[in-house]
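Enquirer: Sequence plus the predicted model coming up.
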Amino acid sequence: MTRTRVVVAGVLALMVLSGVAAIGWGLGRMGSAPTIVVAAGPVVEASPAVTSMPIALSSPSATRDSSPAGGALPVLLTADPGLSDSPTTASGYRITRAGIDPQKFARQLASALGVTGEPRSSNTQIVSGDDPQITVNLDSLLTWNFSDTHASADAPVGKLPTRQQAIDLASTLLGKLGVDLTSIDWQVERVDAGVRVTGWQLVAQQRTTLSWTVTVGRSGSVVSATGFAAGLQEVPGYRVVGAAFAVRRAGLTPWTALPPVPVSLPDVPSPSPSLPVDGRLQVATQHVRVTDAVLGLAQYLQPDASVLILPSYLLTGADGSVWSLLAVTGDAVSFGPDPSPSAS
């Protein structure tokens, strides 16, 4: 018996949001702080209780190696007769800079990191200090970075900070910036400069692609840091098509521009294509019969580099393969020849 359940999946794809009438404030940054266990050495350690949203080949700068199922053949999906096809509604989330004053945030960041000097503004960024220096980019995420060449030079000298010391320092810094520390999944790794702490933004107990990083040198000072200031805002009431409908729609224009993305593929070799004997062109594809659909969330990168987290299906094929597929109705998607970034 096939079924539809609710969990979270994730992919990265190109699209533009439009036609969403009701936007409500919610989430911000949410989740719980998991336990971190970090072994000695350069191995990355993170919470085993949190999974990452898969990242798919979908942007011009991506490579097949960046896909969790890199090198997968194009897929042709068909819906099992028993696959659920009930439309519904669900919430999504968007990145927003609403209520954030970039100049005020730049001063707040400089104060938290001990950078002095009057901020210098341009059309694209705000810069504070010379060395150490802070840059706040006036992009959709209000991304920022901090660098200190003197601290970097001193980084290899002295005793390496412990995992907890590095996390405590990163927590103190991000807390001063208004980040909800209960929404972060910490990842800790040893690097040449010292200990690098990455705080991954959680949504429904899964890692998004949004993060903050703080590198702590052996002297106990911050060597470098990066992050973003924008927040997540709930967008309630997305209309969602049935799973079987979404599968059928994936093969139609213009929805072929948002194809199903492989999350995992069965560990079996693909059959070797036979040699053409009748002059017909042979095209290598995967034919997958979808037997199960899970409604959840997925990440989508827009042309202006902002992120949408939208209702999407996690589809399971009869062969054991798993795919992510957009679930929202057409009025929430704009197919344009070259969508231009905008503040809205």
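Expert: Now that the structure is in, tell me what you want to look at.

Enquirer: In this protein, where is pLDDT below threshold?
Expert: 1-50, 52-72, 154-157, 268-277, 337-344 (pLDDT under 70).

Enquirer: for it, longest helix please?
Expert: helix 163-176 (DSSP state H).

Enquirer: That one: which residues count as buried?
Expert: Burial within helix 163-176, assessed by neighbour count using 16 or more other C-beta atoms under 10 Å, is assigned to 163, 166-167, 169-171, 173-174. (Glycine included, C-beta is placed from N, CA and C.)

Enquirer: Adding distance to residue 94, write those out as JSON lines.
Expert: Below are these laid out as JSON lines (distance: C-beta to C-beta, whole Å):
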{"residue": "163", "distance to residue 94": "34"}
{"residue": "166", "distance to residue 94": "32"}
{"residue": "167", "distance to residue 94": "29"}
{"residue": "169", "distance to residue 94": "31"}
{"residue": "170", "distance to residue 94": "26"}
{"residue": "171", "distance to residue 94": "26"}
{"residue": "173", "distance to residue 94": "26"}
{"residue": "174", "distance to residue 94": "22"}
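
Enquirer: for those residues, which one is nearest residue 113?
Expert: residue 173 (7.1 Å; C-beta to C-beta).

Enquirer: so what's the closest one up against?
Expert: Residue 173 is in contact with 112-113, 214, 222, 225, counting by C-beta atoms under 8 Å, 6 or more residues apart in numbering.

Enquirer: hmm, try it at 7 Å
Expert: Applying C-beta atoms under 7 Å, 6 or more residues apart in numbering to residue 173 gives the contacts 112, 214, 222, 225.

Enquirer: so which helix or strand takes in the residue most central in space within the chain?
Expert: Taking C-alpha atoms, centre = their mean as the criterion, residue 209 is the residue nearest the geometric centre of the chain, at 2.5 Å. Following DSSP states H and E, one finds residue 209 within strand 206-216.

Enquirer: Now do that strand against helix 163-176, angle only.
Expert: 100 degrees (axes from the mean of the first three to the mean of the last three C-alpha atoms, to 10 degrees).

Enquirer: orientation of the helix or strand just after strand 206-216 relative to strand 206-216 in degrees?
Expert: Downstream of strand 206-216, the next assigned helix or strand under DSSP H and E is strand 222-228. Calculated by the same axes, to 10 degrees, strand 222-228 forms an angle of 150 degrees with strand 206-216.

Enquirer: Which residues does strand 222-228 contact?
Expert: Defining contact as C-beta under 7 Å, 6+ apart, one finds that strand 222-228 is touched by 113, 141-148, 151-152, 155, 169, 173, 193-194, 210, 212-217.

Enquirer: Got a PyMOL select line for the buried ones in these?
Expert: Applied in PyMOL, the following selects the buried portion of the contacts of strand 222-228 according to 16+ other C-beta under 10 Å:
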select buried, resi 113+141+142+143+144+146+147+148+151+152+155+169+173+193+194+210+212+213+214+215+216+217
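
Enquirer: Which residue comes closest to residue 146 once chain neighbours are left out?
Expert: Counting by C-beta to C-beta, 6 or more residues apart in numbering, residue 146 lies nearest to residue 225, which is 4.3 Å off, once chain neighbours are set aside.

Enquirer: What is the burial count for the one you found?
Expert: 24 (other C-beta atoms under 10 Å).

Enquirer: Redo the contacts of residue 173 as a markdown table? Include distance to residue 199.
Expert: As requested, the contacts of residue 173 are exported to a markdown table (distance: C-beta to C-beta, whole Å):
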| residue | distance to residue 199 |
| --- | --- |
| 112 | 15 |
| 214 | 8 |
| 222 | 14 |
| 225 | 11 |
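
Enquirer: which two in the residues you listed are spaced the farthest apart?
Expert: Going by C-beta to C-beta, the pair spanning the contacts of residue 173 furthest: 112 and 214, at 11.0 Å.

Enquirer: I figured residue 135 hits residue 125, correct?
Expert: Yes. If you go by C-beta atoms under 7 Å, residue 135 and residue 125 touch, sitting 5.5 Å apart.

Enquirer: Which residue ranges of the stretch 201-344 of the chain form strands?
Expert: Along the stretch 201-344 of the chain, counting by DSSP state E, counting those that start in this stretch, strands occupy 206-216, 222-228, 231-240, 261-264, 286-301, 307-317, 322-326.

Enquirer: Out of those strands, which is closest to residue 73?
Expert: strand 286-301 (4.8 Å).

Enquirer: elements contacting that closest one?
Expert: strand 4-6, strand 75-79, strand 307-317 (3 or more C-beta pairs under 7 Å, 6 or more residues apart in numbering; DSSP states H and E).

Enquirer: So which of these has the densest surroundings on average?
Expert: Most buried of these by mean neighbour count (mean count of other C-beta atoms under 10 Å) is strand 307-317; its value is a mean of 25.

Enquirer: Show me the contact partners of it.
Expert: Contact partners of strand 307-317, identified using C-beta under 7 Å, 6+ apart, comprise 7, 9, 17, 90, 92-95, 203, 209-210, 238, 240, 243, 246, 260, 263, 288-302, 322-328.

Enquirer: Give me the buried entries from these.
Expert: By neighbour count, with 16+ other C-beta under 10 Å, the contacts of strand 307-317 hold 9, 17, 90, 92-95, 203, 210, 238, 240, 243, 246, 260, 263, 288, 290-302, 322-328 as buried.
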